[in-house]
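Visitor: could you work out the structure for the sequence below:
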Amino acid sequence: MMKTPVISERVWQQQATGLPGDLLKALKSGLDSGALSLTPAHITGLNEYVRYARGLPASPAGMSSWLGSGGGIIGTLLANAVFSANPELNNNAMMAFFRQVKGHASSWEVLFEKNLQLTQVLAVAADNTNRSGSLILDVCDQIKALGGRREAWDTLQDGQWGPLSPAEREVLSSLPSQMNALKEQLNTYSRQVERVRIEGAWFRDETREQVIPVTNRKLQEVEKLIAPVSRDISPKTIAILGLQSRFLDLSKQLQTMEKLLRDVLTGSSHVHSAWQSLTAYIDASAGQLEQITTGQQLARFVIYFGRFLGLWKTIEQSALQMNRTLAQYRP
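Guide: Take a look at the predicted model:
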């Protein structure tokens, strides 16, 4: 049997409401938008990028127009002739680039749906935590030392108590295993949060290490074409300047998105840390149970563990509200 961690009873009591409160605080930044670590600004910015990527050309004909628009038909033809000789701007390179950006944007849509699913699972996890914890308190309530008066538990913790009987201690001995089952429920959700956080990190890294550098390379090539003809106002130059403007727009979109993702991942880490603390608290609660030998100790345990459970209904309701709100931001 795995040894359960032991912390001081005072620390354990302080954590009873502090740790669920920390989780609510970690979720607070996303309450208006519905996500675990997303704010309205995060979602709006990322969705704008998705819409921009969807508007990029999906065919050679569309790509040709995108490259040369702004300089008229003649400008388009002349600009395309210049671009075709450039390995970064020719038809094949640009179509591959558009596919890369579109594929990257679609991965955010997948990640968004996983964040939405996390809010649903959070509501279930919170409800299960509340139910499982309540069952543990029900078992404690059956112990005669507590007098079967749950409403009077707060008045019992400072009374004079004798030791628990062997039969009562036998009842308590079954509870650590129930605590382990409760901990596993929390661990399961914690692992899901971490998986989504890791996928968010992959998305951010792809933005920073692949899509942004490719965009900047192409922008640099366009700027090289502009330099020799900067005072020329021919249709070709107008078309090239138009292309520069579009690349600058895309580059700005990507830089903004990369910053948003850094914020999202920081928030996600806070949520994950809060859940890890909660699972540690359940472990410590099992340790507290193993140390109980008197009715007074049992009274203190049920009082503070009851307070720990008291916030889970709030967490569940917050998760349901988050889910309803987040669904409105679907890209």
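Visitor: all helices for the stretch 1-150 of the chain, in order.
Guide: All helices of the stretch 1-150 of the chain, identified by DSSP state H, counting those that start in this stretch, fall at 9-28, 40-54, 60-68, 72-84, 91-141.
Visitor: low pLDDT regions in the stretch 1-150 of the chain?
Guide: 1-7, 26-40, 64-65, 67-80, 145-150 (pLDDT under 70).
Visitor: give me that answer again for 80
Guide: The model of the stretch 1-150 of the chain has pLDDT under 80 over residues 1-10, 12-13, 16-17, 19-43, 45, 60-61, 63-83, 141, 143-150.
Visitor: tell me what angle the helix or strand containing residue 251 forms with helix 91-141.
Guide: Taking DSSP states H and E as the definition, residue 251 sits inside helix 235-291. Helix 235-291 and helix 91-141 are oriented at 20 degrees to each other (axes from the mean of the first three to the mean of the last three C-alpha atoms, to 10 degrees).
Visitor: now helix 235-291, how far from the chain's geometric center?
Guide: Remark: helix 235-291 is offset 8 Å from the chain centroid, using C-alpha atoms, centre = their mean, to the nearest Å.
Visitor: next structured bit after it?
Guide: Using DSSP H and E, the first helix or strand after helix 235-291 is helix 295-310.
Visitor: who are the packing partners of the helix holding residue 251?
Guide: Applying 3 or more C-beta pairs under 8 Å, 6 or more residues apart in numbering; DSSP states H and E, one finds that helix 235-291 makes contact with helix 9-28, helix 40-54, helix 60-68, helix 72-84, helix 175-206, helix 212-226, helix 295-310. Quick note: C-beta positions are derived from backbone N, CA and C, even for glycine.
Visitor: which one of the helices of the stretch 1-150 of the chain lies nearest to residue 179?
Guide: helix 91-141 (7.0 Å; C-beta to C-beta).
Visitor: quick check: next helix or strand after the closest one?
Guide: helix 166-173.
Visitor: do you know how far residue 282 is from residue 140?
Guide: As judged by C-beta to C-beta, to the nearest Å, residue 282 and residue 140 stand 15 Å apart.
Visitor: ignore the last one, residue 294
Guide: Using C-beta to C-beta, we find residue 294 at a distance of 14 Å from residue 140.
Visitor: neighbour count for the two, which is higher?
Guide: residue 140 (24 against 14; other C-beta atoms under 10 Å).
Visitor: dump the helices of the stretch 1-150 of the chain into CSV; add distance to residue 212 as well.
Guide: What follows is the helices of the stretch 1-150 of the chain, written out as CSV (distance: least, C-beta to C-beta, whole Å):
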stretch, distance to residue 212
helix 9-28, 29
helix 40-54, 12
helix 60-68, 19
helix 72-84, 21
helix 91-141, 10
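Visitor: tell me which of the ones you listed sits nearest to residue 163.
Guide: helix 91-141 (16.1 Å).
Visitor: any idea how far the residue lying closest to residue 279 once chain neighbours are set aside lies from residue 96?
Guide: Of all residues not flanking residue 279 in the chain, residue 186 sits nearest, at 4.7 Å (C-beta to C-beta, 6 or more residues apart in numbering). Computed with C-beta to C-beta, the distance linking residue 186 and residue 96 is 45 Å.
Visitor: more neighbours: which of these two?
Guide: Shown here are residue 186 and residue 96; by other C-beta under 10 Å, residue 186 has more neighbours (21 against 10).
Visitor: so residue 135 versus residue 123, what's the distance?
Guide: Distance from residue 135 to residue 123, by C-beta to C-beta: 19 Å.
Visitor: more neighbours, these two?
Guide: residue 123 (19 against 14).
Visitor: wait, the more buried one sits on residue 319?
Guide: Yes. Contact criterion C-beta atoms under 8 Å: residue 123 and residue 319 qualify, at 3.9 Å.
Visitor: got the confidence number for the residue nearest to residue 279?
Guide: Note for residue 186: predicted pLDDT of 83.
Visitor: isn't it right up against residue 126?
Guide: No. Residue 186 lies out of contact with residue 126 (C-beta under 8 Å); the separation is 9.9 Å.
Visitor: work out for me the element the residue nearest to residue 116 when sequence neighbours are not counted sits within.
Guide: The shortest distance from residue 116 to any non-neighbouring residue, by C-beta to C-beta, 6+ apart, is to residue 326 (5.2 Å). Element membership of residue 326, judged by DSSP H and E, is helix 312-326.
Visitor: measure how that helix sits relative to helix 91-141, angle-wise.
Guide: Angle of helix 312-326 versus helix 91-141, following the same axes, to 10 degrees, is 160 degrees.
Visitor: and helix 312-326 with helix 40-54, angle?
Guide: Calculated by the same axes, to 10 degrees, helix 312-326 forms an angle of 30 degrees with helix 40-54.
Visitor: put the alpha carbons of helix 312-326 into CSV.
Guide: Provided in CSV are the C-alpha atoms of helix 312-326 (Å, rounded to 0.1, in the frame of the first residue of the first chain):
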residue,chain,number,x,y,z
TRP,A,312,-17.1,22.5,-5.9
LYS,A,313,-20.7,23.3,-6.7
THR,A,314,-19.5,26.8,-7.6
ILE,A,315,-16.7,25.4,-9.7
GLU,A,316,-19.3,23.2,-11.6
GLN,A,317,-21.6,26.2,-12.2
SER,A,318,-18.7,28.3,-13.4
ALA,A,319,-17.7,25.5,-15.8
LEU,A,320,-21.2,25.3,-17.3
GLN,A,321,-21.3,29.0,-17.8
MET,A,322,-17.9,29.0,-19.4
ASN,A,323,-19.0,26.3,-21.8
ARG,A,324,-22.1,28.2,-22.8
THR,A,325,-20.1,31.4,-23.4
LEU,A,326,-17.2,29.8,-25.2
